[in-house]
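Undergrad: Sharing a sequence plus its predicted fold:
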Amino acid sequence: MNEARRESITSLFEIVSSLERKWANEWNSHNTIGLSKTHIFILDLLDAEGPMRPSALAEKLHVTTGGVTVLTTKLTKAGYINKTQNETDRRASQLEITDTGHELLETAHEHITNIVDRMFGMLTEEEIDSLRSIFSKCLLG
């Protein structure tokens, strides 16, 4: 890799890191929900895919099942998800979103929309499409 390319990639890394910090700061400074982005992602997954086993959720989140337990305990105590027994295999539990969880998810989506508007509202549709395409390509990498 030549020096100019290395410097460009280093600069890109710094920009992406700064953007992630900005996103986290926006989330934290305007977060009236009291949950992390990962908690909201869990609710999104359960809303979209229905009840899931903790192991399936762990796989989707790229964390351990112990990590899922830590994350979902807060959601369960708050009444946003329920832990139920699997109908066909009583030894297996499932996590499912509650009506209260659905309501919270609507509020979270409004919060996320506001953050996205503040951070990316100045971009054209073409620029947004380009970024999505580029970032997706990097993730597949």
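TA: Yep, that arrived. Residues are numbered from 1 along each chain as shown.
Undergrad: hey, where'd the helices end up in the chain?
TA: 3-29, 37-49, 54-61, 65-77, 99-120, 125-140 (DSSP state H).
Undergrad: Any chance you could list what contacts the second one?
TA: Here helix 37-49 makes contact (Cβ atoms under 8 Å, 6 or more residues apart in numbering) with 24, 27, 33, 52, 57, 60-61, 71-72, 74-75, 80-81, 95-97, 101-102, 104-105, 108, 112. C-beta here means a position set from N, CA and C on the backbone, and glycine is covered the same way.
Undergrad: now it and helix 3-29, what's the angle there?
TA: 80 degrees (axes from the mean of the first three to the mean of the last three Cα atoms, to 10 degrees).
Undergrad: quick one: helix 37-49 to helix 99-120, angle?
TA: Going by the same axes, to 10 degrees, helix 37-49 makes 120 degrees with helix 99-120.
Undergrad: can you pull the buried residues of helix 37-49?
TA: 39-40, 42-43, 45-46 (16 or more other Cβ atoms under 10 Å).
Undergrad: Tell me the pLDDT of the residue most central in space within the chain.
TA: By Cα atoms, centre = their mean, the chain has its centre lying nearest to Phe41, at 3.7 Å. You'll see Phe41 listed with a pLDDT of 94.
Undergrad: how near is it to Glu3?
TA: 39 Å (Cβ to Cβ, to the nearest Å).
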